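**Q** kindly generate the corresponding structure for this input.
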Amino acid sequence: MTSSTQPEPGWVVEGADLSRPSIARMYDYLMGGDRHVEEDRDVAHAARNAAPMIRLTIWENRKLIKRVVRELVAGGVTQILDIGSGIPARASVHEVAHAVNPDVKVVYADIDPVAAARGRELLADLPHCGSFQGDLTKPQEILQHPDVISRLDLSQPVALFFFNVLHFLDRDEVTAALEVYRDALAPGSHLAISHGTSELDGRGQAIGKVYAGAYGHLDYRTKDQLALLFGDFGLLEPGIVLLPDWRPEPSPLSSRLGARGAPVNCYAGVAVKP
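**A** The predicted structure follows:
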């Protein structure tokens, strides 16, 4: 409960800790959702004060996700595993994928119980899709989870997503986990990552302090450091770039953002396993 006088919101599920801010719920607030409490909003406001462009960054990340999904599904991808998926928002991965191919199998995994539960609600009528609570730093538990085993065939190509989540976790744990995930994927699989950085200007460092204070950890990477997470996978064009510059759709806004060079403090890349 957020206070002794306020009832729990109707969306609260078992395991949800409302006394501490949640990354998923904070993002939900910034994207206009309704699954958040005062603690989450406080972090969001502090983040916005530190980096006024933060909401734009989050929306640019959502636009990136839609472009990646459309490109990959149009290219033949039929299985998607989205880890650290957050609370599904408008035009979620499964919605974008199914607009291209309704038979695509999508599985969401997130450590936040509210995010996992919301995913299950949205996928209730889609038996070939699933959503579960899981810790991405424990790849074997993720890959062997019943929702993954029953819906995805890991002997065939899969698109694996880590959007705007890895920088919240310990660097060594992420490096070790990504190696396991890469090894588990079949040849022809794709790995898509978006990741915050502080190498472009001071806003990345400022918001990093806010997140580290709220969530206990924040570990940004440079472009070269991010490239290491793809291992020997071959990066698709245009490589690792700022969010608006990954295969942008015709848009005056995207053009202006790309020209400015550092509006979003977040890189993105998509690679394929040889």
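**Q** what's the following helix or strand after the helix or strand of the chain with the lowest mean pLDDT?
**A** Ranking every helix and strand in the chain by mean pLDDT, DSSP states H and E puts helix 252-260 at the bottom, with a mean of 49. The element immediately downstream of helix 252-260 (helix or strand, assigned by DSSP states H and E) is strand 266-272.
**Q** so which elements touch that following strand?
**A** Here strand 266-272 touches helix 54-74, strand 190-196, helix 223-228, strand 234-235, strand 241-242, going by 3 or more Cβ pairs under 8 Å, 6 or more residues apart in numbering; DSSP states H and E. In this view, the C-beta of every residue, glycine as well, is placed from N, C-alpha and C.
**Q** so which of these comes closest to I83?
**A** Counting by Cβ to Cβ, I83 lies closest to strand 190-196 out of the helices and strands packed on strand 266-272; the figure is 10.5 Å.
**Q** distance from the chain centre to that closest one, please.
**A** 8 Å (Cα atoms, centre = their mean, to the nearest Å).
**Q** what's whichever helix or strand comes after that strand packed up against?
**A** Later in the chain than strand 190-196, the nearest helix or strand by DSSP H and E is helix 202-215. If contacts are counted by 3+ Cβ pairs under 8 Å, 6+ apart, helix 202-215 sits against helix 38-50, strand 190-196.
**Q** so for helix 202-215, mean pLDDT?
**A** The average pLDDT for helix 202-215 rounds to 77.
**Q** what's the answer for stretch 71-79, then?
**A** Per-residue scores along stretch 71-79 average to 98.
**Q** need the phi and psi values for F162.
**A** phi -140, psi 90 (degrees, to the nearest 10).
**Q** could you export the helices and strands packed on strand 266-272 as a markdown table, including distance to S85 and mean neighbour count?
**A** A markdown table is the format used below for the helices and strands packed on strand 266-272 (distance: least, Cβ to Cβ, whole Å; neighbours: other Cβ atoms under 10 Å):
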| stretch | distance to S85 | mean neighbour count |
| --- | --- | --- |
| helix 54-74 | 10 | 20 |
| strand 190-196 | 12 | 24 |
| helix 223-228 | 20 | 15 |
| strand 234-235 | 23 | 12 |
| strand 241-242 | 22 | 20 |
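**Q** F161 is nearest to which of the ones you listed?
**A** strand 190-196 (5.0 Å).
**Q** tell me what the closest one is packed against?
**A** Using 3+ Cβ pairs under 8 Å, 6+ apart, the elements in contact with strand 190-196 are helix 54-74, strand 159-163, helix 202-215, strand 266-272.
**Q** tell me which of those sits nearest to E237.
**A** Nearest of these to E237, taken as Cβ to Cβ: strand 266-272 at 9.4 Å.
**Q** chain neighbours aside, what residue packs nearest to the most centrally placed residue in the chain?
**A** The residue lying closest to the centre of the chain (Cα atoms, centre = their mean) is F163, at 2.7 Å. Using Cβ to Cβ, 6 or more residues apart in numbering and skipping the chain neighbours, the partner closest in space to F163 is S194 (4.8 Å).
**Q** ok, now F230?
**A** Spatially, and ignoring its direct neighbours in sequence, F230 is nearest to A271 (4.4 Å; Cβ to Cβ, 6+ apart).
**Q** ok, how many other residues are close to that neighbour?
**A** Neighbours of A271 under the rule other Cβ atoms under 10 Å: 22.
**Q** can you check G32 too?
**A** By other Cβ under 10 Å, the residues close to G32 number 10.
**Q** re earlier: TSV please, covering the helices and strands packed on strand 266-272 and showing distance to R20.
**A** Shown next, in TSV, are the helices and strands packed on strand 266-272 (distance: least, Cβ to Cβ, whole Å):
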stretch	distance to R20
helix 54-74	20
strand 190-196	21
helix 223-228	28
strand 234-235	37
strand 241-242	31
